[in-house]
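S.K.: could you look at this predicted model? Sequence included:
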Amino acid sequence: MKTPQEIVSHMLNQDAYSNWLGIEILEIRIGYCKGQLTIRNEMLNGFQIAHGGIAYSFADSILAFASNTYGVHCVSIETSISHVLKVNVDDTLTAECKEEYRGSKTAIYEVRIVNQIKDLVGLFKGTVFITQKEWEF
């Protein structure tokens, strides 16, 4: 069976969008992932703040990494986000995903996104479907 680090490394190597976002993995273990990214000009919307899809996508990727650490493929089936504070260019965001529940077919995770001064900027909830397909590469 692959380790959580091997799985996430493989996933990230295959994930063009997460790489475009500039996600850096800070910590990974079973059912948990912590990552970071910095907001760039091309991530801004017409209000000159980060597009809400950036925080959403960041959290969605961190969810994917955390949920797949058990060695079987997991895919999201329901997700939502609350945007708490605006995010500006050059802000550094940290997302921390923690498993809240894991059953035989589904699991629920919470992702907290904070900025460089530790202010909460987003709160994301995700439910994943747990397949029986093991990670092989």
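M.R.: Yep, it's here.

S.K.: tell me the pLDDT of the closest residue to Asn41 other than its chain neighbours.
M.R.: Leaving out its chain neighbours, the residue that sits closest to Asn41 by C-beta to C-beta, 6 or more residues apart in numbering is Val89, at 5.8 Å. All C-beta spots, glycine's among them, are computed from the backbone N, C-alpha and C. As predicted, Val89 sits at a pLDDT of 98.

S.K.: how about Val89, secondary structure?
M.R.: At Val89 the chain is in coil, as set by DSSP: H, G, I helix; E, B strand; the rest coil.

S.K.: what separation do you get for it and Ile23?
M.R.: For Val89, the distance to Ile23 (C-beta to C-beta, to the nearest Å) stands at 17 Å.

S.K.: out of those two, which sits in the busier spot?
M.R.: Remark: of Val89 and Ile23, Ile23 carries more neighbours, 22 against 14, as counted by other C-beta atoms under 10 Å.

S.K.: quick one: contacts for the more buried one?
M.R.: 12, 35-37, 58, 61-62 (C-beta atoms under 8 Å, 6 or more residues apart in numbering).

S.K.: buried sites along stretch 108-127?
M.R.: Residues of stretch 108-127 classed as buried by neighbour count (16 or more other C-beta atoms under 10 Å): 109, 111-115, 121-127.
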